[in-house]
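Peer 1: Quick check, what structure comes out for this input:
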Amino acid sequence: MLFFKPVLSQVSSNDPNVTTLQLSHKKLTDKLLVQLSDALQTNSTINEIWLTNNYISESGAGYFANALENNTTVTEVYLGGNKIGTKGALSVANLLQRNRVIREVGLEDNDICDGGAKALAEALVGNDTLQTLKLNGNKINSEETLKSIKEILQKNRDAARKKLPPSHQGTAISKPPKKSSSSRKSRSRSDKDRSKSGSGGEKERDRDRERRSRISSSQSKSTTAAEAASSLATASAATSDAAGSSSPGAQPTTSPSTSGFKKFTNFLSGNSSNKDVAKKDSLKNHDYEKVGAFV
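Peer 2: Predicted coordinates:
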């Protein structure tokens, strides 16, 4: 056991850097535990001792428990996975009657029977410090004894919580609440709604772009028609001016050009004669695209 000597030296010398003894799964025997117990009687730095899954019997557990009776620093002791039996549980019960510092003890899988459990329950009646006692994996059949132990431990936890400052009450041993399945479903539905609204918004934007495109196309056609009409009116006016300059004294109102322009104006306004209507129909058939559109 080469690992054990350095550990024993640190415990004996009160090494301030060593606050936890992790000796689980080390094949620790009763003989080595006796040496460790002797060193612990003068130690004031160790807070936790882990001795799970070793070769500790009822005699080793008894010597170890006796060494911790007057200890004021060790608050957690774990002896699970050994063979301390009911007699070992009686030794731990005696420890809990005298020690007022230890808060957690692990005794699971140790062949403890109802007698050992009953002794532990009786020891806890006068103990207001222990908050956790692990006994699963043993041979305890008395539900009444287990219920009594559970109630005492709960009372001790409640008392310990009340001693905390107001800002820390409820946080010492409580755990954050789990999210309910209903909240997860609600969040899932919200995600789906956002997805649907996103796709609907995209369709609305597409329809908006299509409307703007139709409006722009209609405005473009109207502008083309107006420009064509303006160009034709300007050409008619120019022809009228040329006719007036070549025939001095002629009356502009009776000139063929002016008459033609009036007819074109009547044609646009819908006040044309039957002959003009025929021409209008002819123009619709042949010059529709040149003018633009009469809409």
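Peer 1: Next, count neighbours for the residue lying closest to residue 128 once chain neighbours are set aside.
Peer 2: Nearest non-adjacent residue to residue 128, counting by Cβ to Cβ, 6 or more residues apart in numbering: residue 156, 5.5 Å away. Glycine gets a C-beta too; all of them are placed from N, C-alpha and C. By the measure other Cβ atoms under 10 Å, the count of residues near residue 156 is 18.
Peer 1: what does residue 142 give?
Peer 2: Based on other Cβ under 10 Å, the number of other residues close to residue 142 is 14.
Peer 1: Start the count at 2 instead of 1 going forward.
Peer 2: Taking 2 as the first residue, the last one we looked at is residue 143.
Peer 1: For it, give me its contacts.
Peer 2: When contacts are counted by Cβ atoms under 8 Å, 6 or more residues apart in numbering, residue 143 touches 115, 118, 119.
Peer 1: and what of residue 57?
Peer 2: Neighbouring residues of residue 57 by Cβ under 8 Å, 6+ apart: 29, 30, 31, 34, 65, 80, 83, 84, 85.
Peer 1: how close does it get to residue 29?
Peer 2: Separation of residue 57 from residue 29 (Cβ to Cβ, to the nearest Å) stands at 7 Å.
Peer 1: Narrow the contacts of residue 57 to those in helices?
Peer 2: Judged by DSSP state H, these include 31, 34, 65 as members of helices.
Peer 1: Buried ones among these?
Peer 2: Buried by 16 or more other Cβ atoms under 10 Å: 31, 34, 65, out of those.
Peer 1: Count residues in the vicinity of residue 49, would you?
Peer 2: Other residues near residue 49 come to 15 when the count uses other Cβ under 10 Å.
Peer 1: roughly how far apart are it and residue 82?
Peer 2: 16 Å.
Peer 1: hang on, the earlier thing: could you dump the buried ones among the ones in helices among the contacts of residue 57 into a markdown table with pLDDT and distance to residue 216 added?
Peer 2: Listed next are these as a markdown table, based on pLDDT from 0 to 100; distance: Cβ to Cβ, whole Å:
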| residue | pLDDT | distance to residue 216 |
| --- | --- | --- |
| 31 | 97 | 97 |
| 34 | 97 | 93 |
| 65 | 98 | 93 |
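Peer 1: If residue 58 is in a bridge, with which residues?
Peer 2: Under DSSP bridges, the beta-bridge partners of residue 58 are residue 84.
Peer 1: circling back: let me know the closest of the ones in helices among the contacts of residue 57 to residue 125.
Peer 2: For the ones in helices among the contacts of residue 57, the minimum distance to residue 125 (Cβ to Cβ) is 19.5 Å, reached by residue 65.
Peer 1: Name the member of the contacts of residue 143 with the most neighbours.
Peer 2: Result: residue 118 is most packed of the contacts of residue 143 (other Cβ under 10 Å), 25 neighbours.
Peer 1: can you tell me which residues contact the residue nearest to residue 129?
Peer 2: Residues in contact with residue 157, defined by Cβ under 8 Å, 6+ apart, are 128, 129, 130, 131, 132.
Peer 1: cool, residue 5 as well?
Peer 2: With Cβ under 8 Å, 6+ apart, residue 5 has these contacts: 27, 29, 33, 36.
Peer 1: And these, which of them are buried?
Peer 2: The neighbour-count test (16+ other Cβ under 10 Å) applied to the contacts of residue 5 identifies 27, 29, 33 as buried.
Peer 1: TSV for those residues, including distance to residue 13?
Peer 2: What follows is the buried ones among the contacts of residue 5, written out as TSV (distance: Cβ to Cβ, whole Å):
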residue	distance to residue 13
27	18
29	17
33	14
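Peer 1: which one among those residues gets closest to residue 138?
Peer 2: Set against residue 138, the nearest of the buried ones among the contacts of residue 5 by Cβ to Cβ is residue 29 (19.4 Å).
Peer 1: now the stretch 152-296 of the chain, which segments are flagged as low pLDDT?
Peer 2: 168-204, 217-296 (pLDDT under 70).
Peer 1: Go again with 90.
Peer 2: 164-296 (pLDDT under 90).
Peer 1: ok, and the closest non-adjacent residue to residue 41?
Peer 2: Nearest to residue 41 is residue 68, by Cβ to Cβ, 6+ apart, at 5.4 Å.
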